[in-house]
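Enquirer: need a 3D model of the sequence below.
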Amino acid sequence: MARLFSSYLLIILVIGCISRKEHSVEKEKSQPIRREIFASPGKPSAPITMNYKILSQNLKAGDEIEIEVAFTSTVNSPITSEMTSSGKLDWINSERSWQIPVNLTGPREKLPRLKVVAPKEGLFYIHFVAKIDDGNQKMTKAFSIPIKIGDGPIKLKPPGTVVTDSKGQRIIIQKADSNP
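Expert: Alright, predicted model coming up:
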């Protein structure tokens with residue numbers, strides 16, 4: 001009798017354990033999966049915006065190009081700006097760096113009008129690096145102004161050799177750059 005009672009008790013325990021596991025699995029299935037939403041903070045950027053207007057029209061090689069540039073910021077601190085160019089633009093203005101006071105309530109401060117001359121047709125860029133110090137940290141933001149000279153189409157050179165693979169996809173093979 002003791003053996004029968006022990007066997008009966010063992011069977012009840014096993015059945016109880018199995019039903020508990022099934023119950024917990026059903027419970028897990030019925031609950032929605034909770035996923036945490038992760039928002040990447042991204043790369044920090046200076047709170048600076050740049051507006052520009054190319055004042056010259058119908059640009060041809062050798063023409064003087066006049067550009068108006070204005071910076072704004074949500075931080076009441078002076079913006080320092082430096083400028084360079086890609087290509088061989090000839091600068092008529094001698095200054096290439098400025099300090100611009102920021103007025104949050106009044107009109108925007110503008111740089112002196114920039115004047116450059118492009119020696120040939122093509123696509124040129126004027127690059128700006130604007131810096132601001134909000135008291136806690138110095139922040140930098142880069143901007144570029146594209147300038148198309150001439151009426152012809154712009155032909156951009158690929159940075160390497162373009163080949164087509166066996167699947168018909170175009171691949172650019174670039175030279176390796178190793179710095180010792």
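Enquirer: low-confidence ranges, the chain, go.
Expert: 1-42, 94-111, 179-180 (pLDDT under 70).
Enquirer: hey, where'd the helices end up in it?
Expert: For the chain, the helices defined by DSSP state H cover 2-30.
Enquirer: can you show me the strands along it?
Expert: In the chain, the strands defined using DSSP state E lie at 48-54, 64-73, 79-86, 90-91, 97-100, 114-117, 122-133, 138-149, 161-164, 170-173.
Enquirer: name every strand pairing with the third one and say which way it goes.
Expert: Spelled out, that is strand 79-86. Sheet pairing for strand 79-86, assigned by DSSP bridges, gives strand 97-100 (antiparallel), strand 122-133 (antiparallel).
Enquirer: same thing with the last one?
Expert: When pairs are called by DSSP bridges, strand 170-173 turns out to pair with strand 161-164 (antiparallel).
Enquirer: report the buried residues of the strand it pairs with.
Expert: Within strand 161-164, no residue counts as buried by 16 or more other Cβ atoms under 10 Å. Bear in mind the C-beta positions are built from the backbone N, C-alpha and C, glycine included.
Enquirer: and residue 125, how many neighbours?
Expert: Using other Cβ atoms under 10 Å, residue 125 has 13 neighbouring residues.
Enquirer: list the contacts for it?
Expert: Taking Cβ atoms under 8 Å, 6 or more residues apart in numbering, we find residue 125 in contact with 85, 86, 87, 144, 145, 146, 147.
Enquirer: leaving out chain neighbours, which residue sits closest to it?
Expert: Nearest residue to residue 125, sequence neighbours excluded (Cβ to Cβ, 6 or more residues apart in numbering): residue 86, at 4.5 Å.
Enquirer: surely that neighbour meets residue 116?
Expert: No: Residue 86 lies out of contact with residue 116 (Cβ atoms under 8 Å); the separation is 11.8 Å.
Enquirer: of these two, who's got more company?
Expert: Legend: neighbour count by other Cβ under 10 Å for residue 86 and residue 116, higher for residue 116 (21 against 13).
Enquirer: check the gap between that one and residue 149 for me.
Expert: Counting by Cβ to Cβ, to the nearest Å, the gap from residue 116 to residue 149 is 10 Å.
Enquirer: and residue 114, by the same measure?
Expert: Taken as Cβ to Cβ, the span from residue 114 to residue 149 is 15 Å.
Enquirer: what do you get for residue 128?
Expert: Distance of residue 128 to residue 149, computed by Cβ to Cβ: 19 Å.
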